[in-house]
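> this one's structure only:
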């Protein structure tokens with residue numbers, strides 16, 4: 001059978017326009033999508049090239065395929081490459097152009113005629129592929145009363161055209177892309193329409209390595225296999241488009257460096273490390289060469305797409321930035337870092353790492369900073385939310401926000417979800433009046449989501465509260481927040497370390513008495529000790545009319561007089577009692 005490779009695009013008033021000659025796309029140019037490529041190749045082969053075999057089995061030909069996934073994951077690239085590799089006639093529908101052309105025609109007839117012409121030509125020039133990019137833009141999922149006349153007619157027309165295909169033996173396939181299937185009108189997701197859905201999710205570490213190898217293959221790089229693996233392991237939440245942009249940024253950094261320090265580079269060693277075909281002798285190269293450092297520096301300019309719609313960061317806080325708290329740090333290392341770094345040891349010993357951790361204690365003791373340091377040291381993404389911010393006046397929005405947080409954490413794993421003031425969403429149920437309260441619904445959603453990540457080893461929940469006694473007991477069962485860690489007021493050793501860290505930023509005079517400060521700050525939180533030094537620095541500036549260069553002991557004493565500790569003995573005792581109770585329960 002002779003196969004036509006002609007390609008056309010429909011959208012404007014003219015019936016068709018030929019694409020400009022474009023570079024032929026190959027599957028070898030796509031990284032991280034081997035599974036999706038295998039599925040799509042099989043479907044196209046069945047639908048367009050081995051139709052007789054399929055029909056002899058008494059089966060109806062597949063008619064529609066939808067590739068879906070987040071922006072930047074390569075949906076359009078994969079679809080266009082599939083068309084290119086298939087070597088069949090193809091025709092593309094441009095939703096934006098179709099919608100723009102329909103604006104001049106309130107009844108939507110212009111849009112309908114475009115779609116009819118596309119399907120008619122595809123059936124004339126079989127085997128063929130009809131490609132609709134971002135199909136949800138012309139066939140969105142709205143309630144019937146909210147759809148425009150054009151959208152309603154587009155859905156009806158597409159459904160009828162696809163049903164007509166199903167009644168013929170014509171080898172024609174509709175290939176569509178969509179960001180989220182739930183955004184597409186439900187009538188198109190039924191059998192014999194777009195009934196095959198192929199997902200492209202946020203790449204895993206192995207997928208990212210595959211993508212990085214493809215993208216750097218033709219770049220001038222001084223990267224070993226180990227370098228590429230190291231870079232890819234740090235790209236949590238990056239999609240293919242992000243990694244492509246990262247390569248560009250790394251190249252710009254290498255270019256700037258080369259402009260300042262130009263030198264000739266011998267590529268022979270890099271060729272050997274990367275196992276490139278040595279039959280092609282590497283030339284002497286006098287241009288910029290991209291290094292692993294360039295890639296690591298470039299990461300500061302590229303934010304992962306999977307994490308853009310929520311407060312997200314990859315913290316740069318180290319354990320050394322936090323004074324003292326050695327016991328707390330050790331417990332967190334055991335709970336999070338050890339299972340990630342030595343998973344085989346935990347399997348060998350039959351230990352199941354905790355799914356969630358609750359940090360409790362007086363306010364101002366660096367619980368948020370501790371969680372950030374944990375994320376940094378363990379190499380995890382950090383998603384931060386505050387309990388009170390979850391609540392929304394619209395019914396169902398609070399639960400939707402919470403589900404979205406967990407969904408993004410899964411997609412950007414390995415990650416930490418840090419929930420500050422968790423008592424706002426996890427207080428004991430039954431406090432609502434007149435039926436189930438919003439708080440009860442949010443807590444139920446939170447429990448369901450936690451249960452849903454039980455089998456996922458790369459998402460850790462770290463929560464913080466100053467009121468542990470009001471948290472619902474169901475949240476502290478095994479498999480949820482099953483590791484409770486008391487973060488007490490700083491002891492003398494911790495207070496000394498906090499002062500040392502603070503004084504590294506604020507110069508102090510020789511008369512400063514460390515022992516007096518350590519003694520007099522007993523009962524102070526870490527935040528209050530920091531406030532004492534800040535207050536002293538302001539006093540020094542005020543005294544000298546902003547000419548002071550150091551803080552003296554008298555300024556620090558003034559700071560101690562103005563900053564009064566707010567954690568009462570009764571509060572400390574209540575935290576200790578709670579800690580003793582949970583320790584007794586865990587031992588019993």
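Ah, there it is. Being a predicted model, the structure only gives us computed values, none of them experimental.

> low-scoring pLDDT stretches of the stretch 351-500 of the chain, where are they?
Applying pLDDT under 70 to the stretch 351-500 of the chain flags the ranges 392-396, 428-436, 452-457.

> Helix or strand next in line after the lowest-mean-pLDDT helix or strand in the chain, which one?
Least confident helix or strand of the chain, by mean pLDDT, DSSP states H and E, is strand 17-18 with a mean of 40. Sequence-wise, the next helix or strand downstream of strand 17-18 (DSSP states H and E) is helix 34-44.

> Quick check: which ranges of the stretch 151-300 of the chain have low pLDDT?
Applying pLDDT under 70 to the stretch 151-300 of the chain picks out residues 263-286.

> Strands along that one, start to end?
172-178, 196-199, 265-266, 284-285 (DSSP state E, counting those that start in this stretch).

> Could you identify which of these is most buried?
The highest average neighbour count among the strands of the stretch 151-300 of the chain, using mean count of other Cβ atoms under 10 Å, belongs to strand 172-178 at a mean of 26. From N, CA and C alone the C-beta is placed, and that goes for glycine too.

> just to revisit the earlier point, identify whichever of the strands of the stretch 151-300 of the chain lies nearest to residue 546.
Nearest to residue 546 among these is strand 265-266 (51.3 Å), distances taken as Cβ to Cβ.

> distance between the lengthiest helix in the chain and the chain's centre?
With secondary structure taken from DSSP state H, the chain has its longest helix at helix 240-260. Helix 240-260 has its C-alpha centroid displaced from the chain centroid by 22 Å (Cα atoms, centre = their mean, to the nearest Å).

> again with stretch 512-529
41 Å.

> contacting residues around that stretch?
323, 362-366, 489-490, 492, 494-496, 498-499, 502-503, 532, 551-553, 556, 560, 563, 565-567 (Cβ atoms under 8 Å, 6 or more residues apart in numbering).

> State the distance from residue 176 to residue 61.
Residue 176 sits 17 Å away from residue 61, going by Cβ to Cβ, to the nearest Å.

> For residue 386, which of the strands of the stretch 151-300 of the chain is the nearest?
Between residue 386 and those, the tightest spacing by Cβ to Cβ is seen for strand 196-199, at 31.9 Å.

> just checking, what packs against the closest one?
In terms of contacts (3 or more Cβ pairs under 8 Å, 6 or more residues apart in numbering; DSSP states H and E), strand 196-199 is packed against helix 34-44, strand 64-68.

> Let me see the residues that make contact with the helix or strand following the longest one.
Think helix 34-44. Per DSSP H and E, the first helix or strand lying C-terminal to helix 34-44 is helix 51-56. Applying Cβ under 8 Å, 6+ apart, the contact partners of helix 51-56 are 46-47, 61, 169, 171.

> from the residues you listed, which single one is nearest residue 287?
residue 47 (46.7 Å).

> got the contact list for the closest one?
Residues counted as contacts of residue 47 (Cβ under 8 Å, 6+ apart) are 54, 61-63, 127, 171, 173.

> Could you turn the buried ones of those into a PyMOL selection?
To isolate the buried subset of the contacts of residue 47 in PyMOL, counting by 16 or more other Cβ atoms under 10 Å, use the following:
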select buried, resi 54+61+62+63+127+171+173
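
> Turn the helices and strands packed on strand 196-199 into CSV, columns for mean neighbour count and mean pLDDT.
What follows is the helices and strands packed on strand 196-199, written out as CSV (neighbours: other Cβ atoms under 10 Å; pLDDT from 0 to 100):
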stretch, mean neighbour count, mean pLDDT
helix 34-44, 16, 92
strand 64-68, 25, 93
